[in-house]
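[1] Have a look at this prediction, sequence included:
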Amino acid sequence: MALGNVFMRDTDGNIPVVRNNTIENVCGLVFDISGQPDFWTKGVGAQIADTWKDKVVELTTLAEAEEAGITAYTGEIDSETNESNDLLSGIPYYHIRQFFNMAGGSGRLFVMFADCSKDWNALIEMQRAATGSIFQIGVWTEQQLWTKPDEAATAYSIGLVADLNRVAVELADEYFAPVSILLCANTSKVKVGTQTTDTIAISQIPSCVIDARYVTVLLSQSMEEQVRRMQASLASTTPVGCVGLALGTLTQAGVGESIGWVRQFDLVNYVPAIEMGFGDSTVSDGLIANGSSYSALSKAQLNALEEAGYVFIRVFEGLEGHTYFANDHTCSSGDFCTISRNRTINKSRRLIRLALLPYVNSPIKVDPSNGNLSSAQVTVFENLLKDILNEMESAEEISGTAFVTVPAEQNILVTKKLTLSYGIVPMGCAESIDVTEGLYVSQQ
């Protein structure tokens, strides 16, 4: 017989625990096939049409993409059909592989092939198919980013960005599913009047900052022979770009973190050397004549591109052999001038909306003496918002909460509407660091 004692045993009372379902790592990738009129009727596209045509497919690994018919670049031509054995010159496979490699081997990536020549509603279709869970969407398109009305113009005009931003605004306001859009477009050619030229003048590249907070324009790509051959195999010579890599980096970044964080996001395993994707896109022997290597651009030219709002891959002196995103700009100069600020406010917006949805059509107690909100109800809603924002602060996604306001002086009996507001203090970002140095004869 055992020694006597007081014996204690745990039992699970199934007390519910509320956890925030954060989805900021979910991505989408749209390949615009408007430049490929025979995409679904010839070559590899015809072989995968049953799986991909007019559909949004969710992938969680690269192996799933391969099983669904997404193949790597080979450069081979089918001897019987004289069609390429590569799906869109291997570009979809390249970006999907870059995404999953950067994301750690697995993740949630929604992929769609769509004709976006008339509009960008494919992004809405994709977000609806994903039930609003996508946080950022990459867009690869052969449509030209820059145009020039005539030869006399001294600078190009920026295209595509405003149209994409309008769709993003609709997603945010009408579908309650805000996203950041990362655009990789055709920067190898420019339309001048009615003609198209293969040569890009860097001095005429326009600013992309046009009050489009949801859009980021990506330049640059890996300067490898295979990448350059993939680009040259397209009639449009659209750069392969780095959109898959950028999306993969965002899966590893907290919402308050820049993809340009040097300590965290070294890209050397993915981009050992950098090509900008514009210059002279004349094709010779299966290669672009001049894609403008990063090293060929002066500091003044690189600074001009950065100030014009573009995001590209760069190197730092003293860190030879390493590459990084230069920044995380959006096409806005306002409060939401970075991807991280957009992702931060988008996360708070999604979480707070989900927390408040159960209260739609719920009974709200008012003060019987004046019809205003009761003090107890004010406290309930204040604490609801503060708990979410405090959790984001603890996760170092925001610096703190600026305010949470639930005015008691609102007559919900008449308006049938509850009004509240909140403000957050985002994380800061040291885009540059200034240091003063000097020599002295003694300690100061």
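    Received the coordinates, thanks.
[2] tally of neighbours for Thr405?
    Number of residues near Thr405 (other CB atoms under 10 Å) recorded here: 13. In short, each C-beta sits where N, CA and C put it, glycine included.
[3] hey, what's it bridged with?
    Following DSSP bridges, Thr405 is listed with bridge partners Ser421.
[4] For Ile424, see how far away Thr323 is.
    32 Å (CB to CB, to the nearest Å).
[5] and what of Ala49?
    46 Å.
[6] ok, now Pro37?
    Taking CB to CB, one finds Pro37 at 47 Å from Ile424.
[7] Between the two, which has more neighbouring residues?
    Ile424 (20 against 11).
[8] Wait, a strand at that one?
    Yes - assigned with DSSP: H, G, I helix; E, B strand; the rest coil, Ile424 falls within a strand.
[9] Excluding chain neighbours, what is closest to it?
    In this structure, Ile424 finds its nearest non-sequential neighbour in Ile398, 4.8 Å apart by CB to CB, 6 or more residues apart in numbering.
[10] which residues does the one you found contact?
    Gly256, Thr344, Ser348, Leu389, Met392, Ile424, Val425, Pro426, Met427 (CB atoms under 8 Å, 6 or more residues apart in numbering).
[11] before we move on, what SS does the fifth one have?
    Three states are possible here, and by three-state DSSP the one that applies to Met392 is helix.
[12] Show me the helices in this protein, by range?
    In the chain, the helices defined using DSSP state H lie at 43-52, 62-67, 91-102, 122-129, 161-174, 225-232, 243-252, 299-307, 339-356, 375-394, 412-415.
[13] and among the ones you listed, the most buried is which?
    Of the helices of the chain, the one with the most neighbours on average (mean count of other CB atoms under 10 Å) is helix 243-252, at a mean of 26.
[14] average pLDDT across stretch 56-67?
    The average pLDDT within stretch 56-67 is 98.
[15] Just give me how far that stretch sits from the chain centre.
    19 Å (CA atoms, centre = their mean, to the nearest Å).
[16] count of neighbours near the closest residue to Ala130 other than its chain neighbours?
    Closest residue to Ala130 apart from its sequence neighbours, by CB to CB, 6+ apart: Phe110 at 5.1 Å. The number of residues packed near Phe110 is 20, by other CB under 10 Å.
[17] Quickly list what Phe110 is bridged to.
    Gly28, Glu58.
[18] any idea how far it is from Tyr324?
    Phe110 is 27 Å from Tyr324, by CB to CB.
[19] go on, Ala72?
    In this view, Ala72 and Tyr324 are 26 Å apart by CB to CB.
[20] Likewise for Met276?
    Counting by CB to CB, the gap from Met276 to Tyr324 is 15 Å.
[21] Spatially, which residue comes closest to Gly400, not counting chain neighbours?
    Val425 (4.7 Å).
[22] Now for that neighbour: which residues touch it?
    Contacts of Val425 by CB under 8 Å, 6+ apart are Ile398, Ser399, Gly400, Thr401, Ala402.
[23] What is the nearest of those to Ala304?
    Ser399 (31.5 Å; CB to CB).
[24] my guess is the closest one contacts Leu389, does it?
    No - between Ser399 and Leu389 there is no contact under CB atoms under 8 Å: 10.8 Å.
[25] Mind listing the shared neighbours of those two?
    Ile424.
[26] where do the strands sit along the stretch 201-350 of the chain?
    With DSSP state E, counting those that start in this stretch as the criterion, the stretch 201-350 of the chain has strands at 215-217, 221-222, 274-275, 280-284, 287-290, 313-314, 324-325.
[27] between those strands, which one is nearest to Gly248?
    Comparing the strands of the stretch 201-350 of the chain by CB to CB, strand 324-325 comes nearest, at 11.5 Å.
[28] neighbouring strands for that closest one, and are they parallel or not?
    Sheet pairing of strand 324-325 (DSSP bridges) gives strand 313-314 (antiparallel).
[29] got the contact list for the partner strand?
    Ser220, Cys242, Leu267, Val271, Ile274, Tyr294, Leu302, Thr323, Tyr324, Phe325, Ala326.
[30] which among these gets closest to Val56?
    Out of the contacts of strand 313-314, the member with the shortest distance to Val56 (by CB to CB) is Cys242, at 22.8 Å.
[31] Having no further points to raise, I will conclude here.
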